[in-house]
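Visitor: Okay, here's the prediction I keep looking at, along with the sequence it came from:
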Amino acid sequence: MTLLESVLNQTHMRAPKGIVYGPPGVGKAQPLDAKVLTPTGFVEMKNIQVGDPVIGADGNPHRVLGVYPQGEKNIFKVIFRDGSATECCDDHLWFTQTLTEREQGIAGAVRSLQAIRATLQYGTRFNHAVPRVQQINFKVSTEPLPLHPWLLGMYLGDGHANTSVVITNPEPDVQEKIVSLLADGDTAVPFDSINLRIVRKSEHTQPSAFMAALRKLNLDRLNAEQKFVPRCYLFASIEDRLQLLRGLFDSDGFVTKPGAIEFCTVSEQLAENVCFLIRSLGGSAKLSRKKTTFTYCGEKREGQLAYRIYGSFTNGVIPVSSKKHGDKWQPPQWVIRHTIREIQPAGRKISQCIKIDAIDSLYVTDDFIVTHNTTFGAATHKPIIIDCENGAAHMQCDRTPYLADWDTIQPWLEALAHDEHTYGTVVIDSIDWLLRRMEERVAGVNGDPRNMDKTMNRSHGGYGNGKQVLRNYVYQYLLPTLDAMVNKGISVVLLAHASRRTITTIDGISMEKSAPEIHPDLMNTMVEWSDFVGAARMDGDLRELVLNETAQLLAKNRYGISGVLPLDWNCFINAMSNHKPQVTGETING
């Protein structure tokens with residue numbers, strides 16, 4: 001067969017390469033009364049504004065870049081195994097791992113709530129599990145806590161305070177720890193083998209510092225059912241919250257099995273506070289209620305309502321510190337999945353979505369549940385995500401670490417282009433940030449993009465030569481490297497933010513359109529290189545991928561695909577396979 005014949009008879013379609021861009025959070029919708037976690041506590045969705053900090057799935061604060069009203073939508077309540085719950089629309093995306101995927105060691109996939117509802121159970125077992133949030137870094141007050149957090153936890157579990165503070169606990173190491181953590185002017189006086197009275201060392205007529213702290217916190221003279229954790233402790237540092245939790249569990253908790261512990265109280269508020277602490281430290285907390293009974297003078301009587309918390313940690317947190325509990329505590333021998341147990345209709349509600357710092361917009365909502373509205377790229381075939389903007393840390397698929405400069409990005413591109421591996425898709429999150437890192441490298445300002453334009457103009461001999469060097473680097477290195485991946489049968493998906501751009505057609509007509517947020521000097525190059533440029537958008541409740549240019553959107557494809565597709569990788573591949581590649585007109589001077 002001649003060379004010409006081999007071309008004419010070629011039926012193999014190469015792996016797709018292109019750009020998917022869109023407004024942040026496409027399809028994400030939660031009702032306005034849903035709670036969003038911020039560094040200072042939960043805030044209703046309706047009160048979130050651009051610039052506000054909210055907690056991301058990594059436990060750290062992230063700035064809100066956009067707030068997008070979604071109108072009235074059908075809303076569903078999603079309930080998890082530990083009783084935690086949140087609300088979202090039917091098209092809201094979650095990253096879940098099904099029972100089959102867990103058994104086969106497969107990471108999982110992105111699924112809409114509608115798809116999850118249809119496959120909620122596998123036989124008699126719950127099918128879908130989602131990842132948990134990491135330990136939360138709240139905004140810590142500069143004012144010191146009035147009382148050591150472990151001591152507060154011990155008091156809430158085993159103490160009472162009327163005229164003085166008394167803690168009841170028979171364990172020698174616990175009693176020694178109580179004494180060691182008291183303020184300098186306080187001392188512990190035992191009046192039997194299990195009770196310690198906290199008093200002043202010299203002036204017994206004056207309240208102890210311990211009592212003064214309890215009064216400041218409004219925790220003195222409380223009955224057991226009235227106890228609670230003050231807000232300043234709930235939003236303290238990770239270490240202080242852990243110490244508080246250890247005090248609570250060292251007093252009224254007990255280790256039940258490896259990695260699991262229980263805590264019982266008659267205070268509903270304290271029970272909810274303990275759940276808050278556990279979840280804020282990356283653990284699982286399930287709350288149950290039971291009416292208690294007791295026998296008095298031979299007569300069975302009804303007691304108070306008891307609240308039992310079942311806590312577990314699979315992230316290395318050890319929630320106990322006493323010898324008794326420490327001897328029993330062992331690392332968990334299993335993983336307690338955060339499975340979805342029930343999905344209930346919750347009516348139609350006005351909804352909105354938010355965008356935080358990253359294209360995947362991961363944030364924490366009611367009961368410390370991570371909402372996963374992942375990108376188009378995460379649902380591709382055997383993907384690996386090149387994380388250039390620190391937005392993919394909690395995507396449950398293979399990904400690189402956060403690559404903060406070009407010198408760390410380049411080796412990953414080299415390896416994926418030239419080494420043997422089994423990935424089917426390379427997803428760059430995002431191309432606009434990768435090009436910024438390359439620009440910083442060319443300008444010699446790695447990690448410090450201040451005065452970038454001025455520096456680029458002065459670099460490489462001045463006269464704007466830096467910008468030409470950048471274009472050459474894209475032409476001579478970046479695009480050939482990406483093409484090397486495509487030639488190996490690997491799809492390349494470049495994720496990009498959306499922005500409004502003035503586009504000039506080949507007829508010289510200028511118009512403003514939504515387009516990928518790519519440096520103007522490089523926009524044409526990237527669009528021309530791509531086999532497709534898709535704009536993600538919402539049309540009512542439907543998530544769509546536009547692949548043909550309109551008066552409002554920059555888009556294209558070389559597959560002859562007309563109209564719009566569902567925003568779904570499999571739908572895109574099926575449509576691509578049903579059409580022959582073709583040459584299409586491309587935008588000039590973007």
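Guide: Sure, I can see it.

Visitor: from the chain's centre, how far out does the longest helix belonging to the chain sit?
Guide: Using DSSP state H to define each element, the chain has its longest helix at helix 238-252. Relative to the chain's own centre, helix 238-252 is displaced by 25 Å; criterion: C-alpha atoms, centre = their mean, to the nearest Å.

Visitor: got a list of contacts for whichever helix or strand comes after it?
Guide: With elements assigned by DSSP states H and E, the helix or strand that comes after helix 238-252 is strand 253-257. Strand 253-257 is contacted from outside by 157, 261-263, 310, 319-320, 325, 328-329, using C-beta atoms under 8 Å, 6 or more residues apart in numbering. The C-beta positions use only the backbone N, C-alpha and C, and glycine is treated the same way.

Visitor: cool, and stretch 190-205?
Guide: 164-170, 175, 178-179, 182, 185-189, 206-211.

Visitor: Among the contacts of strand 253-257, which one lies nearest to His497?
Guide: Distances from those to His497 were compared by C-beta to C-beta; the smallest belongs to Pro319, at 40.4 Å.

Visitor: Please look at the closest one and Phe249 and confirm they touch.
Guide: Yes - if you go by C-beta atoms under 8 Å, Pro319 and Phe249 touch, sitting 5.3 Å apart.

Visitor: intersection of neighbour lists for the two?
Guide: 261, 311.

Visitor: Could you tell me how far stretch 330-347 lies from the centre of the chain?
Guide: That offset, for stretch 330-347, works out to 16 Å (C-alpha atoms, centre = their mean).

Visitor: average pLDDT across that stretch?
Guide: What stretch 330-347 shows for mean pLDDT is 88.

Visitor: Stretch 368-384 too?
Guide: Rounded mean pLDDT across stretch 368-384 is 66.

Visitor: Next: stretch 146-155.
Guide: Per-residue pLDDT values over stretch 146-155 give a mean of 97.

Visitor: can you list contacts of that stretch?
Guide: By C-beta under 8 Å, 6+ apart, stretch 146-155 touches 161, 165, 167, 169, 174, 177-178, 181-182, 210, 212-214, 216-217, 219, 229, 233, 236, 240-241, 243-251, 321.

Visitor: picking up where we left off before, mind saving the C-alpha coords of the longest helix of the chain as PDB?
Guide: C-alpha atoms of helix 238-252 as PDB (Å, rounded to 0.1, in the frame of the first residue of the first chain):
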ATOM      1  CA  ILE A 238      -7.700  21.900  65.200                       C
ATOM      2  CA  GLU A 239      -5.500  21.100  68.100                       C
ATOM      3  CA  ASP A 240      -7.800  22.800  70.700                       C
ATOM      4  CA  ARG A 241     -10.900  21.100  69.300                       C
ATOM      5  CA  LEU A 242      -9.100  17.700  69.400                       C
ATOM      6  CA  GLN A 243      -8.000  18.400  73.100                       C
ATOM      7  CA  LEU A 244     -11.700  19.300  73.900                       C
ATOM      8  CA  LEU A 245     -12.900  16.100  72.200                       C
ATOM      9  CA  ARG A 246     -10.300  14.000  74.100                       C
ATOM     10  CA  GLY A 247     -11.500  15.500  77.400                       C
ATOM     11  CA  LEU A 248     -15.100  14.700  76.600                       C
ATOM     12  CA  PHE A 249     -14.300  11.100  75.600                       C
ATOM     13  CA  ASP A 250     -11.800  10.600  78.500                       C
ATOM     14  CA  SER A 251     -14.700  11.400  80.800                       C
ATOM     15  CA  ASP A 252     -18.000  10.000  79.400                       C
END
